[in-house]
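[1] Whatever this is, show me its structure:
(chains A and B)
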Amino acid sequence: MAAQFTGTRTRPPGGPAAPQPPESATRRPRGGSSLARGVPYLLILPALVATAALLAYPLLRNLVISFQVLDAFQLIQHTTQWAGFSNYTSELSSSVFWDTTVRSLAFTAVNVALIMALGTAVGLLLNRLGKRMRLLLSLGLVLAWAMPVVAGTTVYQWLFDSQYGVVDWLLSELGMHSMAHYDWFAQQMPTFTVITLMIVWQSVPFVALNLYAGLTTVSAELFEAARMDGAGPWRAFFSVTLPILKPFFLSTTFLEIIWVFKAFTQVYALNGGGPQGSTETLPVYAFIEGVGNQHYGTGAAISTLTIVILLVLMAYYFRIILKQEDEL
Amino acid sequence: MVKGRAAIAVLGAAAMAVSLAACGSQNSSAKTNDKALTVWFMSGSNPPGWTKDITAAFKKEHPGVKLTVKVQTWDGIQQKITTALSEDSPPDVLEVGNTQTPYYAATGGLMDLTADKASLGGDNWAPSMNASAVYQGKQFAAPWYFASRVVVYNKKIWSAAGITSTPKTQADLIHDLTVIKAHGTKDALYLPGQDWYAFDGFLLDAGANLVTKSGGKYTGNLDTPQATAAINLYKKLNSFGTAPLDKDEATPQQSDVFAKGDVGSFIGLGWEAAGAIAKNPQLKNEVGYFPIPGATAAKTAKVFIGGSNLAISHNSQDPTMAKAFLKLALSDKYEGELAKVGGVVPNKASLDLNLAGNAYGTVAATAALNGGTTPLIPAWGNVENAPNPITTLFMTPVLQGTSPASAAKKADTEMGTRLNQQQ
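    You can find the predicted model right below:
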């Protein structure tokens, strides 16, 4: 029975919909005044200007700087010292850079997997809950989402503080006495654990709320039909929910990859990439080399390489998007 | 309908453009009108009363000039100063730490004050204090004040533990701290793991410097028996409290921790003690000072001499006014008042009298007689850039259990790289 529904695609409203021109503008009969025809362009102009000023220009500057030696000396003297590709070659031949890259990729993979799994679970739960509990859960999710990143980081620092942290206290009260005054930030893995917890906590609401929004557009009859055909909850998820919401899962996963891969604030603010640089991810490494050590050229080169790596990661997604455009 | 919307959109865009333009013109007109002088001090350097007095005096001398005093924090200061000095209208006068001054002198961001040295009172500056302000024979800053770390202690807690006199030797100190801790004070001494200024003192006392020069190249000097002895002493002292191993004395401000009243002592500066008293006035009569004791009672331990210079930015919009401010700040009146109120060592020996009556100042001046500093070379600034290898690669790992030798090797390598970077 379920088979007859394949092919009907519901577009989830929660995905990152491309800004669409207002209906009235697209359906307008030809021959309107030239001013009216220009309205859509005029309307996207502020967005374009903002993007150009805040994104394209800095990106270009960053690229230019990456081919320079720009230390405190050159910065203060306003001198330009071209370096050719030397910033790139020295990074690409440095083991620190590659270690950091591998670390960043593993970090992204673990976080995105956790975010998608937990976010999906919570989204499905939202769909099943009664009105009151759903409101309560949504409220909690929205609050976690609304928490400013730096404020959230400070809270996590205190939660996991070795002196006054409530986590250590709780664990030791629960019988794990070795966890009393445990220093979470003294080693690589414990530090990553806290960072991961925080990043997952901050990002689950996005996935959960969007999935819930997507689910509300899926007709309940589909699930009912699946159930009638004898599908258990797992089967129903993998055979009904997943295929229908595939565009949602794809776009959200890729958004999360971008978000986690470029997560700077959480990693840097929590422990400065420490201990001993063992939790530096690419954006943190770029900042420490560039701003921290005042080798702005090197930092720019690292950040450019970071963007390239991110683009490679996204290539698959872009391919899908382009394919879809072709089909339309 | 469509036309109406379009008109609204155009109107909106036009309104935005106009308001943006309005913003722009307001800003530029405000800048050109009055004469303005901006001064940057570092957190803890300028006592409130002193700042008020000098602001008033400057206003009286130069009624048309608007003086803005800004206080910066030490955290991330090098990046802030670099950026500021690169701008067309940087702060006119700025306080620069003595260890960081050669770095900025080398970048060309500071004004050459060689010709003004005499008029600023430079002929009477203590030569040892002026050393960091001179680079390649030129005067790039003026020595402002010096300070050395002492032990700040809570008299009530010490006497409650039955200790009646301050320790005269290192062994006495450890004995006293043991007694205080046994008496139930969790933090007999609060010494966070990354106070590298305190560590440098221990290292100097052990007879070594942070770096050494061999064959014209500077390298880290932590893989030495002296550094091992110093960090072991540090570790021992750190164990008399619950201070974090991976934080410095400013996170949280150790004066705030001490202000709670249940901390026996900490190694710090006069302004930190003053900060604790400001936060908790009940401590007013309980705070005492003694120099960090040496191995024998004959001599106190060597300490790191911290200090600050005042410099004028190369791009200062008004060098004349900037020099006028510098002259006022360095005048015997205000230099003396700073010593008196802040308890810091002034730049001229003749002003030392001002320290009498300042409990911290008298102790600190004694301690400063036996002090040292970091190498006065531009590349030193690279070492202090975050993350500082001394603290993150050496101190914290050793306090957490890594062997001093293996941590020192890593730190020395990183310091070597940074010290030999091209400027």
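
[2] which ones are touching B:Leu376?
    The contact partners of B:Leu376, by CB atoms under 8 Å, 6 or more residues apart in numbering or on different chains, come to B:99, B:101-102, B:131-132. C-beta here means a position set from N, CA and C on the backbone, and glycine is covered the same way.

[3] Confirm it sits in a helix?
    No - B:Leu376 is assigned coil when assessed by DSSP: H, G, I helix; E, B strand; the rest coil, not a helix.

[4] Next one, pLDDT for it please.
    Looking at B:Leu376, its pLDDT reads 86.

[5] A:Leu54 now?
    So, for A:Leu54, pLDDT stands at 93.

[6] if I look at it, how far off is B:Leu353?
    Separation of A:Leu54 from B:Leu353 (CB to CB, to the nearest Å): 58 Å.

[7] And A:Phe254, by the same measure?
    The span separating A:Phe254 from B:Leu353 equals 71 Å under the rule CB to CB.

[8] These two: who's more crowded?
    A:Phe254 (19 against 12; other CB atoms under 10 Å in any protein chain shown).

[9] picking up where we left off before, pick out the most distant pair among the contacts of B:Leu376.
    B:Thr99 and B:Ala131 (11.3 Å; CB to CB).

[10] The two: who's more crowded?
    Neighbours per residue, other CB under 10 Å: of B:Thr99 and B:Ala131, the larger number sits with B:Thr99, 24 against 15.

[11] Skipping adjacent residues, who's closest to the more buried one in space?
    B:Thr374 (4.6 Å; CB to CB, 6 or more residues apart in numbering or on different chains).

[12] Break chain B into its domains for me.
    Domains of chain B are assigned by automatic domain parsing as B:34-147+B:306-365, B:148-304+B:373-419.

[13] Can you add distance to A:Val167 and give those domains back as JSON lines?
    As requested, those are exported to JSON lines (distance: least, CB to CB, whole Å):
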{"stretch": "domain B:34-147+B:306-365", "distance to A:Val167": "26"}
{"stretch": "domain B:148-304+B:373-419", "distance to A:Val167": "16"}
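
[14] Pull the contacting residues for residue 199.
    Went with chain A since none was named. With CB under 8 Å, 6+ apart, A:Ile199 has these contacts: A:111, A:115, A:260, A:263, A:266.

[15] look at chain B instead
    B:230-231, B:234, B:390, B:395.

[16] Could you single out the nearest of those residues to B:Ser165?
    Closest to B:Ser165, out of all of those and judged by CB to CB, is B:Tyr234, at 24.5 Å.

[17] Pull out the buried residues from the helix or strand where the closest one lies.
    Assigned by DSSP states H and E, B:Tyr234 falls within helix B:225-238. Within helix B:225-238, the residues that count as buried by 16 or more other CB atoms under 10 Å in any protein chain shown are B:226-231, B:233-235, B:237-238.

[18] Tell me the buried residues in the helix or strand that that helix is followed by?
    Later in the chain than helix B:225-238, the nearest helix or strand by DSSP H and E is helix B:254-259. Buried residues in helix B:254-259, defined by neighbour count with 16+ other CB under 10 Å: B:254-255, B:257-259.

[19] Adding distance to B:Asp332 and pLDDT, write the residues you listed out as a markdown table.
    Below are the buried residues of helix B:254-259 laid out as a markdown table (distance: CB to CB, whole Å; pLDDT from 0 to 100):
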| residue | distance to B:Asp332 | pLDDT |
| --- | --- | --- |
| B:Gln254 | 33 | 94 |
| B:Ser255 | 29 | 93 |
| B:Val257 | 37 | 94 |
| B:Phe258 | 33 | 96 |
| B:Ala259 | 34 | 94 |
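
[20] quick one: which of those is nearest chain A?
    Closest approach to chain A among those (CB to the nearest CB): B:Val257, at 10.2 Å.

[21] before we move on, the earlier item: isn't the residue nearest to B:Thr99 up against B:Asp200?
    Yes - counting by CB atoms under 8 Å, B:Asp200 is a contact partner of B:Thr374 at 7.1 Å.

[22] For the two, list the residues in contact with both.
    Common neighbours of B:Thr374 and B:Asp200 (CB under 8 Å, 6+ apart) are B:210, B:304.

[23] and the spatially most central residue of chain A, what element?
    Nearest to the geometric centre of chain A sits A:Trp259, at 1.8 Å (CA atoms, centre = their mean). Per DSSP H and E: A:Trp259 is located in helix A:246-261.

[24] avg pLDDT for that helix?
    For helix A:246-261, the mean confidence score works out to 92.

[25] What are the buried residues along the following helix or strand past it?
    Counting by DSSP H and E, the next helix or strand C-terminal to helix A:246-261 is helix A:265-271. Neighbour-count burial for helix A:265-271, with 16+ other CB under 10 Å as criterion, is recorded at A:266-271.
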